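Q: Build me a model:
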Amino acid sequence: MNKQLIQQVLEIEKQAQTIHDAANHDAAQMQKQAEQEAQALIKESRAKAQEEAESLAADIRANDECERILTQSEKKSRQMETLASEHFDRAVDYVLEQLSRKE
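A: Now for the predicted structure:
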C-alpha cells in the first residue's frame, strides 16, 4: 500500500505541476495580450490627439484668416467712406455751383 500511496502522491504532484505550468503559460499569454492591447490603445489615443491637434490648428488658422479678412474689409470700408464723403462734398459743391449759375 505504501507503494500505491507514493504512486498517487507522484501522480498528484505531476498533475499539480501540469496545472502550475498551464497557469504560468496562461499568465504569460494574458500579460502579452494586455501589453498588446495597451499599445493599441496608446496608438489610438495618439492618433486621436494628433487629429484633434490638427483640427484645432486648422481652426486657429481659419480664425486668423477671418480676422485678417475682417481687418482688411474694415480698412477698405473706411477708405470707401472717406472717398464717398469726398465725392459727396464735391457733388454738393457742383450742384451749388450749377444752381448759382442759373440764378
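Q: average model confidence for stretch 50-64?
A: What stretch 50-64 shows for mean pLDDT is 92.
Q: who touches that stretch?
A: Under the contact criterion Cβ atoms under 8 Å, 6 or more residues apart in numbering, stretch 50-64 has no outside partners. Backbone N, C-alpha and C define where each C-beta goes, glycine included.
Q: And that stretch, what's buried?
A: Using 16 or more other Cβ atoms under 10 Å as the test for burial, stretch 50-64 gives no buried residues.
Q: Off-centre distance for that stretch?
A: 8 Å (Cα atoms, centre = their mean, to the nearest Å).
Q: For this protein, which residues score under the pLDDT cut-off?
A: When residues are selected by pLDDT under 70, those of the chain lie in 1, 103.
Q: Any idea which residue is closest to the centre of this protein?
A: By Cα atoms, centre = their mean, the mean C-alpha position of the chain lies nearest to residue 52, the distance being 0.2 Å.
Q: which SSE is that one in?
A: helix 2-102 (DSSP states H and E).
Q: And that helix, how far out from the chain middle?
A: In this view, helix 2-102 has its centroid 0 Å away from the chain centroid, taken as Cα atoms, centre = their mean.
Q: Next: stretch 92-103.
A: 67 Å.
Q: Just the residues contacting it, thanks.
A: So stretch 92-103 is contacted by nothing (Cβ under 8 Å, 6+ apart).
Q: mind listing what's buried in it?
A: Applying 16+ other Cβ under 10 Å to stretch 92-103 flags no residue as buried.
Q: Kindly format the C-alpha coordinates of it as CSV.
A: C-alpha atoms of stretch 92-103 as CSV (Å, rounded to 0.1, in the frame of the first residue of the first chain):
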residue,chain,number,x,y,z
VAL,A,92,-22.7,119.2,-53.4
ASP,A,93,-20.3,121.9,-54.5
TYR,A,94,-21.0,121.1,-58.1
VAL,A,95,-24.8,121.3,-57.6
LEU,A,96,-24.5,124.5,-55.7
GLU,A,97,-22.3,126.0,-58.4
GLN,A,98,-24.8,124.9,-61.1
LEU,A,99,-27.7,126.5,-59.1
SER,A,100,-25.8,129.7,-58.5
ARG,A,101,-25.1,130.0,-62.3
LYS,A,102,-28.7,129.6,-63.1
GLU,A,103,-29.7,132.5,-60.9
